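Novice: Predicted model and sequence below, questions to follow.
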Amino acid sequence: MKKKIAAAWVMALCASVAGEGALAQQRAVSSATIDGTMVVQIIGEVQAVDAQGRATQLNVSPSMHDLDKLPLGTRVKSTALQPVTLTKAANAKAQSMIPGDRQFIAKVANVDGATGVITLKDADDLPIEVRARDPGKAAALSNGTSVKVMLQGKAARAANSGQ
């Protein structure tokens, strides 16, 4: 009888220790930052203004190939990949993503753990796509989680297209 109780106690102790180890791992993953890139979409119209704000001719440098062939008023669309770091922000309220700001709070709307694509929503319900470098870290996030989005450096690359 004493052996059974001792064996049960040892098993419970081992399970407890293993559980604490798993909990510590989960805490480490949940508090870790997630590095990735945010897809930034820019939509606008070709405009040219002088220093006084008056409409003027579009002048471009020789390195800007064919941009001068776009008529004023042409609708253009551009995307860029902006390096970002995500950090959990417990119970923080979502904020609007404002151009020029280096950080904001968003809510996780969806996570694809296999690809590492995280869809966030800001306070204006604007969808924001982040591609995590480590899909495993992305998979640790759950829908509704608040995250602080911190922009790092400059946009990685841009692709422009007329529309």
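Specialist: Yes, it's here.
Novice: Please tell me I have it right and residue 111 contacts residue 135.
Specialist: No - between residue 111 and residue 135 there is no contact under CB atoms under 8 Å: 9.4 Å. C-beta coordinates here come from the backbone N, C-alpha and C atoms, glycine included.
Novice: Which one's more surrounded, those two?
Specialist: A count of neighbours by other CB atoms under 10 Å puts residue 111 above the other of residue 111 and residue 135, at 22 against 18.
Novice: Model confidence score at the more buried one, please.
Specialist: If you check residue 111, the pLDDT there is 96.
Novice: any idea how far it is from residue 124?
Specialist: 21 Å (CB to CB, to the nearest Å).
Novice: again, but for residue 51
Specialist: Distance from residue 51 to residue 124, by CB to CB: 33 Å.
Novice: more neighbours, those two?
Specialist: A side-by-side neighbour count of residue 51 and residue 124, using other CB under 10 Å, places residue 124 first with 10 against 6.
Novice: Just checking: what are the partner strands of the biggest strand by length in the chain?
Specialist: Looking across the chain with DSSP state E, the single longest strand is strand 75-88. With DSSP bridges as the test, strand 75-88 is paired with strand 34-45 (antiparallel), strand 146-151 (antiparallel), strand 158-162 (antiparallel).
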